[in-house]
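>>> Kindly return the folded structure for what I paste below:
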Amino acid sequence: MAYNESAANRVRKLLKRRKGFAERKMFGGIAFLLNGNMCCGVVDDDLVLRLGPELAAEALDKPHTREMDFTGKSLKSMVYLAPAGYKTEAALGRWVRQVAQFTASLPPK
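Residues are numbered from 1 along each chain as shown. Predicted structure coming up:
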């Protein structure tokens, strides 16, 4: 699988100054990590958002989101976000802040 490099660059720009930033090829795309924990990524044109079970369930009520079922089984702490959901810089920034906040609550790896 490939990933949308333009989308990845937009996310990278928002995260690269955060402590513990790294990136790694995962899920057939690219994943962005903070302190060793994945916070988000890009697969094809979709963003992968790690929100934790509660926030992921809430996110599924919002437009342009769907369950992440990469392995055929739903991952309850992650959602896919279609490009229409991160079209503007403001929308992308809100989602990235949310995943970064959740990831900061996890113990470093």
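>>> Am I right that Lys19 is in a strand?
No - under DSSP: H, G, I helix; E, B strand; the rest coil, Lys19 sits outside any strand and is assigned coil.
>>> roughly how far apart are it and Gly85?
Lys19 sits 27 Å away from Gly85, going by Cβ to Cβ, to the nearest Å. For every residue, glycine as well, the C-beta is placed using N, CA and C.
>>> higher neighbour count, these two?
The neighbour comparison of Lys19 against Gly85 (other Cβ atoms under 10 Å) goes to Gly85, with 20 against 8.
>>> so the more buried one makes contact with Ala59?
No - contact criterion Cβ atoms under 8 Å: Gly85 and Ala59 do not qualify, at 9.5 Å.
>>> May I see the buried residues of the lengthiest helix in the chain?
Criterion DSSP state H: the longest helix present in the chain is helix 89-104. Within helix 89-104, the residues that qualify as buried are 92, 95-96, 98-100, 102-103, counting by 16 or more other Cβ atoms under 10 Å.
>>> I'd like these as TSV, with distance to Leu75 and pLDDT appended.
As requested, the buried residues of helix 89-104 are exported to TSV (distance: Cβ to Cβ, whole Å; pLDDT from 0 to 100):
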residue	distance to Leu75	pLDDT
Leu92	21	98
Trp95	17	98
Val96	19	98
Gln98	17	97
Val99	14	98
Ala100	19	97
Phe102	14	97
Thr103	15	97
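>>> From those, pick the one nearest Tyr80.
Trp95 (11.6 Å; Cβ to Cβ).
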